[in-house]
Every structure is written in structure tokens, then in C-alpha cells.
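> Sharing a sequence plus its predicted fold:
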Amino acid sequence: MKKIALMLVVLSFAAMLTVVYAGNSLGSGYALTSNWHGQNVPPGATVIVTASTTDSNVEQVTFLWKTPSGNTVFTDVDITRTTDGEYDGKTVYTFSSEHVLPAIEGDWGVQALFQGDGGKTKQGIEEVISIKATSFFAVPDLPMIGTLGSLVAMFLGLGLYTTRRRKK
């Protein structure tokens, strides 16, 4: 029993330390990422979403910021195409959008509609060549005890539970 409990504690601690990073993959020619990729976002934080493409026909990107309930709260159009190095021998062009996240907790999403000549009308927006999406999770801030304090409280609770169970 002690070995199983110890193994569960070690595995849960290892899972908390593991950070999943999907990266900015331009394999399809289009990518979208944020400065909070793979992390929980506290309300009030600034979120920067960056759209990248190797398609020189893309002239602008429309960013649709959606709340956890699916409502679009921000619509940004970026026409500033910045050159950002190369990928697979092709020039990479980037566009970005930035907002301070309102105090709405849950799974937020941002869609990037890459627009240029030869695209179709999608979601009421003309000349859309491709659509990519990213998401991030807004969580409440724990200002009193913080993340470290909540971890300590969790492990103290686990210790209390195991000692009470042992007495029975």
C-alpha cells in the first residue's frame, strides 16, 4: 500500500512538472500561437496571438477572439505583414493581435482568418485562404496563497488522509 501511494505521489508530481509545447508548426504553410501557449492565463493578463504563414498571397489576417461561451468579443484586422525569417526555404510572414483578457474564466479561443487574393468567403469575411485556431484557459488568480501554497495544501491534505486511514 505504501509503495502504491508513493508511486501515485511521484507520478502526480511529475505530471505537474511536465509542460506540453506544441510549437509553431508551419508544415501546412499557416500557423497560429500565443505567448500563453500551453499555460493557464490569469484574468487581466495581456495575451498576444501571432499568425505566421509562408504564403506570399496573404495580405491581412482577421483575428476573432471568442469567449468560453463562443461569443466574439474582439475582432482585429492586421494589415502589417512583417517578415520573420525563413521556414523550409520560404519567407515567413507574421501578423499579430494583442488584448488584455477580461475577467471571464474558461476556455478562450482565437481564430485567425488568413486573407488574400483567390480566397473564399467564410464566416462572413471575404477572401479567406485558410483558418487556424488556438486556445488558452483563463483561470482565477490565487493571490492569497498562490500556486505553491495550493500545492502545499494539497499534499498536507493527502498526508492527513493517509494518516487517518492508517488509524482505522
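Noted; the coordinates are in hand. Nothing here was measured: the structure is a model prediction, and the numbers come from that model.
> is it true that V73 lies in a strand?
Yes: under DSSP: H, G, I helix; E, B strand; the rest coil, V73 falls within a strand.
> And it, how far from M154?
As judged by CB to CB, to the nearest Å, V73 and M154 stand 33 Å apart. C-beta here means a position set from N, CA and C on the backbone, and glycine is covered the same way.
> K90 now?
Relative to M154, K90 is positioned 48 Å away (CB to CB).
> Over to A138?
Taken as CB to CB, the span from A138 to M154 is 21 Å.
> More neighbours: which of the two?
For A138 and M154, the more surrounded residue by other CB atoms under 10 Å is A138, and the numbers stand at 23 against 12.
> Quickly list what the more buried one is bridged to.
With DSSP bridges applied, A138 shows beta-bridge pairing to V41, G106.
> tell me the helices in this structure, going along the chain?
2-17, 146-167 (DSSP state H).
> What are the buried residues along stretch 37-48?
For stretch 37-48, the neighbour count (16 or more other CB atoms under 10 Å) marks H37, V41, P42, A45, V47 as buried.
> The closest residue to P43 other than its chain neighbours and P42, how far apart?
Spatially, and ignoring its direct neighbours in sequence, P43 is nearest to A103 (4.0 Å; CB to CB, 6 or more residues apart in numbering). Taking CB to CB as the measure, A103 falls 10 Å from P42.
> swap in N71?
Relative to P42, and taking CB to CB, N71 is found at 21 Å.
> Average pLDDT for stretch 89-106, rounded please.
Over the span of stretch 89-106, the pLDDT mean works out to 90.
> Next, count neighbours for Y93.
The number of residues packed near Y93 is 19, by other CB under 10 Å.
> what sits against it?
S52, T53, T54, D55, S56, V58, R81, T82, T83, D84 (CB atoms under 8 Å, 6 or more residues apart in numbering).
> buried subset of those?
So, by 16+ other CB under 10 Å, the buried ones in these are S52, T53, T54, V58.
> So for stretch 57-71, what gets flagged as buried?
V58, E59, V61, T62, F63, L64, W65, K66, T67.
> shaky segments in the protein?
1-25, 141-148, 168 (pLDDT under 70).
> let's go with 90 and repeat that
Applying pLDDT under 90 to the chain flags residues 1-28, 36-45, 80-82, 84-89, 101-107, 117-127, 131-168.
> picking that back up, ok, the residue nearest to P43 touching V41?
No: judged on CB atoms under 8 Å, A103 makes no contact with V41 at a distance of 11.2 Å.
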